[in-house]
Structure formats: structure tokens, C-alpha cells
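> Need the 3D shape of this:
(chains A and B)
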Amino acid sequence: LGLFNDEHRVLLREIYEGHREFEEVLAALGGFMDSKIVPDSPKFDLHQKQISGARRELLGHGICQIPFPQEYGGLGLPFGVHSLAMELAGAADASIALSVGIHNTAAEGLFRFGSNSQKDEYLADIISGRSIAAFGLTEPSSGSDAKAMNTKATRKGGEYILNGSKMFITNAGEADVYFVFASTEKGPSSFLVQKGDPGLHAGDDISKLGMRGSRTAEVRFSDCRIPADRMVGDEGKGFDYAKAMLNASRIVMGSICVGIASAAFAKAVAYSKQRKAFGGPISGFQLTREKIADMKTGVTAGRLMCMHASRMREMGLDYSSEASQAKVFATEMSLRVTDSAIQVFGGYGYTSDDVHRHWRDARLLTIGEGTSEVLRMLIARRELAKSS
Amino acid sequence: VRVAVCVKHAIDEAELKVDNEGKPLLVGAVSKMSTFDKNGVEEALRLRGGSGEVVVFCVGIPDAKKTIREALAMGADRAEHIVCDPTSLDSLATSALLAAAIERSGKFDFVICSEGSSDTYTGQVPPMLAERLGLPYVGYARKVEVSGPKARVERALENSVEVVESPVPMALSVVSEINEPRYPTLIQIMQASKKPTEDLTPEALGPGGKVAGSWVLGMKAQAMERKRVVFEGTAEETAAKLVEALSNEGILPR
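Residues are numbered from 1 along each chain as shown, chains lettered A, B, ... in the order given. Next comes the predicted model:
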């Protein structure tokens, strides 16, 4: 079966009745990834092939254009279509999906908070994939507690001078543009740093459990001088911007996990029908069937939660709690589903990279883009505020 | 250069399911552009080059617009959709409808079909269409080189390649190895719906399309029987037996 299937088709018809073009866009994207990305996905995990070529093709095909307006070269489609596109990408290859997802987070920040001249200069290139973007908030000694950041930006004449470092930065070293956060006199602020800016250094690729095709490194700023007009939005508002950008990104990370879980589920189902034990396929056993039923239920629920949060965003409602719920549920669901897939495969699951890589990939996302703990805190805070 | 290219909105064989008796479940089955037709569209775009026109012709249900838009997204200029249910049409009737639609669209330098559709794969429409249009026909083309009023075509036959020359205008059927079809970008897919598509009815094209010469009485999935040969002995012995068996089947050279 292809990445884009009847389940997506029905959901699109349910939500966006009368918009068959959304189906055509996602069917084309799925078909493209079926032939251009899926076959190489195991090689990306084993470091036998770099993702850069496939990522360039995928961005060129238009995956990042989906939610952005046409004036910047986007397709102007609803966020839910983007969410499903990122699910398909997650199923095709989680590393590429992560890289593209973070790239899009930076594009979202630029689109929402950048000046017109910044958008004119950078946005069309990022959306079309002509340039690669990265997002830098986490530091070596601060992650969830982002306000504790140590990176400083000091104004000197017509420039800002950045000092400090950002940790676990996806696309670091490959990116042409970094959307980063640094403290100024008025508090956390956001800046665009370009490849080649003096004092910008990307470290070596950090070895990871999963998502091994994507590049992760530290980014250091040593007296990194950038023109003052590279500040994004208002000084001191950086933390608000980061929260807004992460809300969208959390839906996307949830969607990627739905995709990862779908890929592992499909493999487990196929194997359960083929593997025989005690005179029949293991798919005939109730305990295998329980796993299949729970895996599928999780995938469907995760997808619907991501789509619900997407719809709230489309309607202009505050969707921060729903985005957090979708991410907590979908990422934890993907861990259970990929773990069950390993169990269905038995010894072959534990020893086959092509099975356990899905669990290794999923394992990142209860940590990155908001840990499950922090997100639960946000969800609970919202609910408690309602009842007081 | 003007090129007419015919596309079919065919059952997606990858998603086709069969019932317990082996009958394909056609109701509600997903359809898409017949696989090899993408090679036809790609070749049409190549032959058109930077100037000229590629016109897509399709006989199909209203849902076939999806396939037509895909051909337009790939780069075709406009389309003519003969709207009807092709399950009641055989190759004779389909070729009559296509010929009538192509003739009313003016002169074309090339009329291109793929070697056969990925669902029924009769391969009959291309030569019938050429005959009806009075064009020289070269089937199973794997390479086309045009020089002036002539085209040199390599034909992929069972065990050989035949090279032929034909005057242009001509009709062609192409095989999948002729090219690598492009993937339209998402923006091209969105823009395809803005390209002109004309709807035609079989009635408007004359009586020819109604005359079917054959009818499908039934359809069944092909059952593949495995040989279930088990070799016994040591690794060396079973390897030798396997090589012998594969050689006997003609899979390995003797």
C-alpha cells in the first residue's frame, strides 16, 4: 500500500468536503515519497546515505509550501493538510520529516513575526527549499526552562553581537538560515543568523539513538556579528514567539509520530500474517490480534487529535492545549506501537534495524519540541484555570 | 509540434482487492492514471519541446478528471474529456471515440498511447486508433528520434529491438522504458485545475463510439501455484540441487 491511502482520503472528505484538490496534492506527495524516499529510508538510518539529496527533492516538490500563502510561493492550504503531509513524511522517513519539520518551524516564525523585508529576503527561498533553515532555542544547560538561556545579544552601533551556544540543533551545519533566541536588555529576543556570518560555528554531528539521518549539532556564537535589522519582531518578545512557533511544531511532531507508528504497524501486520507458529500464522492468535487492534486504535486516535488541533488553529482559536495533547498522545502512542511491532517480530524485531529503527526514531519525540512532562504541565494549567 | 496523448483513468492495481472467488472488487476501487500512460505524457512533453501543444484525450467517468489534471500538472496544455462510463465500451468503441475527438481538434504531428492500460492491458486501442486516423503506426516504442519529416523509432520486442523509420504525422504506442515520467510538483498540481478541459459527450462525437464488438463476461484474478519443491541433504547437496533446478527452469544459464 502507498503512504497516502483510503484512510487519509476519507478523513480529508470528512473535514474539507468539496476540496478534492487537497486529496490530489497529498496523493501526489505520497506517490513521490513512495518512490523517492521510502526505498532509501533504511540506508539513512544506517548512515549509508545522506538525506540531503532526498530532502532537497522533497522540498523542491513542495512539502513546505502547503500551509504558506501564495504571495510567498506557498500553496495556501489549511494547516490540517500540512499536518497530514507531515504524517506521510514521518511514515516515509522520520529523519527527513524531522529535518523538514524544524525547517518549517523556522519558516513559520519568520512568516508570523518577521518584517516584510525579512520575509521578502528569506521566506520564499525557505518555503521552496532553495535554502535550509534551523531553529535554535535549547542550550547546553537549558531546555524546557527556556527563560534560563545564557546566549546574549549585545547591541553595538548598527549590529548585534551574539555570544553563547545552542544545543541539539536539527539541521545545524547544513542550514543557510538559523532562527535563534538570545537575551537582550529587554529579555529573550529572536534573530536570524546566516551561514557565513562571522563568529557562527556548527559543531560535529552528535551520535543519536534514532533519527540518525538528520544532522544534530551544537551551534556556537563567538562574537557573532549580525546587522541589527536581523532581529525578528520586537525586542524582548522572543519567548512569546518561541511558544507560538512551538505550538504549530507540536502538531507537526505529533503527526510525524503518527506516521512513524503507521509504518511500524504496516510492517507488523504483514509479518504477523506470514510468520507461522503452532501450525498457523501468528495473526490468528488473540494476543497478536489485541496488539494489532491497540496499535491501529492508537494510530487513528493520534491522527484525529493532530487534525483536531490543526482545525482549531485554522479557526483562529487558542490551540496550545490541544496541540500539547496531540503531541503527548501521539508521541507516547508511537512508542507503544513501535514497541509492539518489535514484539510481533520477536527476535527479528530486536535484531532488525528496519523494525527497531521506528522505535528509536519515535523515542526522540517525547523529549524534543516540549517534553511530555512540560506539555502535561501546560495542559493541566489550562484545565485548572478553567475550573477556578 | 502538436501532440495528442491518450490517458486512461484505470483501477489502481496496487490497491485492488479480490473476493473469495478471485473476482476483483471493482465497486469503490481506487483509480488513477494508468501506469504506462505517464510515460506517454512524458514522451508527448518531450516531443512538444518548448513550443507547440500537448492535448490530453481521455474517455472516462467524471472522476477521470483526476487523471486528466495529473497529465495537465505534468505539463500538458489542455484536455478533452469524453465523459462516459468506459466499462460498457470495448477497444473498438473507445478507439472510435478517441479518433473522433482527436480529428475535431485539428492536425497532430504525433498521436501517443501507452502500450496498454495497467488494468485490462489489451493493447488494442493504439493500433485501432491509428487505423481510424489513417496514420502510420509504430507500436512498443522505446526511443523516438525526430529529424525533419521523419521519425526513427526503436521498438522493444520480445527478444529483440527493431529500428524503423516512419513519416510524421504518425501514431505511437510507448513502453515504460522510453523515459522516466516526471513528478509534478505540488504547485503544478494546484495550477492544473486552471488549465482548460473541455467535456465532450459520446453523442456529440457521432455513432461510432456506441458500437461495441465484444463484451466482458467475467473477470478473475490469476492464481499462481507455487511449486513447493523441498531439497534435502547437506548445504552443498541442496545448493547443487537448487542450481540444477533453476537451470532446468531456464532461470540460470546452463
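> List the contacts of the residue of the stretch 101-250 of chain A found nearest chain B.
Distance from chain B to each residue of the stretch 101-250 of chain A (Cβ to the nearest Cβ) is smallest for A:S128, at 9.1 Å. Using the backbone N, CA and C atoms, a C-beta is placed for each residue, glycine as well. By Cβ atoms under 8 Å, 6 or more residues apart in numbering or on different chains, A:S128 lies in contact with A:L59, A:G60, A:G62, A:C64, A:Q65, A:G73.
> try 10 Å this time
The contact partners of A:S128, taken as Cβ atoms under 10 Å, 6 or more residues apart in numbering or on different chains, are A:L59, A:G60, A:G62, A:C64, A:Q65, A:F68, A:Y72, A:G73, A:G74, B:T185, B:I187.
> Then B:G148?
B:G148 makes contacts with B:V168, as judged by Cβ under 10 Å, 6+ apart.
> ok, residue 95 - contacts?
Reading this off chain A. So A:S95 contacts A:41, A:44-45, A:51, A:54-55, A:170, A:208, A:210-216, A:357, A:361, A:364 (Cβ under 10 Å, 6+ apart).
> please go with chain B instead
Neighbours of B:S95 in contact, by Cβ under 10 Å, 6+ apart: B:6, B:59, B:89, B:113, B:124-133, B:208-209.
> same thing with B:A239?
Going by Cβ under 10 Å, 6+ apart, B:A239 touches B:F231, B:G233.
> how about it, secondary structure?
Following DSSP: H, G, I helix; E, B strand; the rest coil, the label given to B:A239 is helix.
> ok, it to chain A distance?
Going from B:A239 to chain A by Cβ to the nearest Cβ, to the nearest Å gives 24 Å.
> repeat for B:D119
Distance from B:D119 to chain A, by Cβ to the nearest Cβ: 17 Å.
> count of residues packed around residue 168?
Since you didn't name a chain, this refers to chain A. A:F168 has 20 neighbouring residues, counting by other Cβ atoms under 10 Å in any protein chain shown.
> actually it's chain B I care about, not the one you picked
The number of residues packed near B:V168 is 17, by other Cβ under 10 Å.
> isn't A:E290 right up against A:S340?
Yes. Contact status for A:E290 versus A:S340: in contact at 9.4 Å, counting by Cβ atoms under 10 Å.
> Show me what the residue nearest the centre of chain B is bridged to.
Closest residue to the average C-alpha location of chain B: B:S114 at 3.3 Å, with Cα atoms, centre = their mean. Beta bridges link B:S114 to B:V174, judged by DSSP bridges.
> so it touches B:A71, yeah?
No. Using Cβ under 10 Å, B:S114 makes no contact with B:A71, being 11.8 Å away.
> and B:K143, helix, strand or coil?
strand.
> Need the per-residue pLDDT for it.
Predicted confidence (pLDDT) for B:K143: 98.
> Work out the gap between the helix ranked longest in chain A and the centre of the chain.
When chain A is scanned for its longest helix (criterion: DSSP state H), the result is helix A:238-274. With Cα atoms, centre = their mean, to the nearest Å as the basis, helix A:238-274 stands 8 Å off its chain's centre.
> Please flag which of the contacts of A:S95 sit within strands.
Counted as lying in strands by DSSP state E, out of these, are A:T170, A:T216.
> which parts of stretch A:280-300 are buried?
Of all the residues in stretch A:280-300, those buried under the rule 16 or more other Cβ atoms under 10 Å in any protein chain shown are A:I282, A:S283, A:T288, A:K291, A:I292, A:M295, A:K296, A:G298, A:V299.
> Stretch A:309-328 too?
A:309-314, A:319-328.
> ok, which stretches of chain B are strands?
Using DSSP E, the strands of chain B run over B:2-7, B:9-11, B:31-33, B:53-60, B:78-83, B:110-114, B:137-147, B:150-156, B:161-167, B:170-174, B:197-200.
> is the first one up against chain A anywhere?
To tie it back to what came earlier, the one meant is strand B:2-7. No. Judged by Cβ under 10 Å from any Cβ of the partner chain, strand B:2-7 and chain A are separated, with a smallest distance of 15.0 Å.
> Can you list the strands that that strand pairs with?
strand B:53-60 (parallel), strand B:110-114 (parallel).
> give the contact list for the residue of chain A found nearest chain B.
Nearest residue of chain A to chain B (Cβ to the nearest Cβ) works out as A:G62 at 3.3 Å. The contact partners of A:G62, by Cβ under 10 Å, 6+ apart, come to A:25, A:28-29, A:32, A:73-75, A:85, A:127-129, B:184-190.
> okay, it: pLDDT?
On pLDDT, A:G62 comes in at 97.
> Kindly report the same for B:S214.
For B:S214, the pLDDT comes out at 83.
> tally of neighbours for it?
Neighbour tally, B:S214, other Cβ under 10 Å: 11.
> From A:K147, how far off is it?
Note on B:S214: its distance to A:K147, by Cβ to Cβ, to the nearest Å, is 77 Å.
> again, but for A:H201
A:H201 sits 25 Å away from A:K147, going by Cβ to Cβ.
> repeat for A:S131
30 Å.
> Could you do A:G196 as well?
In terms of Cβ to Cβ, A:G196 sits 30 Å off from A:K147.
> what about these two, which has more around it?
A:K147 (12 against 7).
> Model confidence at the residue nearest to the more buried one when sequence neighbours are not counted, what's the number?
Using Cβ to Cβ, 6 or more residues apart in numbering or on different chains and skipping residues adjacent in sequence, the residue nearest A:K147 is A:F239, 6.3 Å away. pLDDT, A:F239: 93.
> close enough to count as contact, A:F239 and A:L137?
Yes. Counting by Cβ under 10 Å, A:L137 is a contact partner of A:F239 at 9.3 Å.
> Of these two, which one has the most company?
A:L137 (26 against 18).
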